[in-house]
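Trainee: 3D, please:
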Amino acid sequence: MTTQTHRRTCSGGVAIGAFVLLCSPVFAKTYSMIQTPPAAAIASISSAETLHQLVLANLIASNCNGSGLTKGDAGLLGGTAQAVAEHMGVSGDQYFSDYIHPAMIKVMVPDTCDQYGGDARKVLEILKGLGGVVVDE
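Mentor: Purely as a prediction, here's the structure:
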């Protein structure tokens, strides 16, 4: 059984496009050690729909203060999204255009946090049920 342990920065640690500047170590305020679900669990959840859910949940956790999600939770969501994308063979360009960009558009809508906060918490609980862990915040 293989799991991945990561140290994530800047809430979700997304380091793509405009987020590169925001998530560089200069701007990072916290580090979270996370452990993604094991490889078998990643394989079982790897689908375009799941990846869309993970990316949106990561952005909700990273940007919605009242979501009830921590920076470590955002790290687990982001790390698992990266593991799923890697398992699916999604390129960096495809990850941004097909997953990050559509999620960013949803996050720009005023009621997004209220509309998707509960879904983000459910996705996080599923990851934890599959063996994902926020080791430290």
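
Trainee: which residues in the chain form strands?
Mentor: 5-9, 31-35, 133-136 (DSSP state E).

Trainee: so which residue is dead centre in the chain?
Mentor: With distances taken as Cα atoms, centre = their mean, Gly78 lies nearest the centre of the chain, 2.2 Å away.

Trainee: verify the contact between that residue and Asn58 for me.
Mentor: Yes. The pair formed by Gly78 and Asn58 meets the contact definition of Cβ atoms under 8 Å, at 4.4 Å. Quick note: C-beta positions are derived from backbone N, CA and C, even for glycine.

Trainee: confidence-wise, which helix or strand of this structure is lowest on average?
Mentor: Sorted by mean pLDDT, DSSP states H and E, the helices and strands of the chain end with helix 19-22, the least confident at a mean of 37.

Trainee: output the below-cut-off pLDDT ranges for this protein.
Mentor: Within the chain, the segments meeting pLDDT under 70 span 1-31, 137.

Trainee: go again using 80 as the cut-off
Mentor: Scanning the chain with the threshold set as pLDDT under 80 gives 1-32, 66-67, 136-137.
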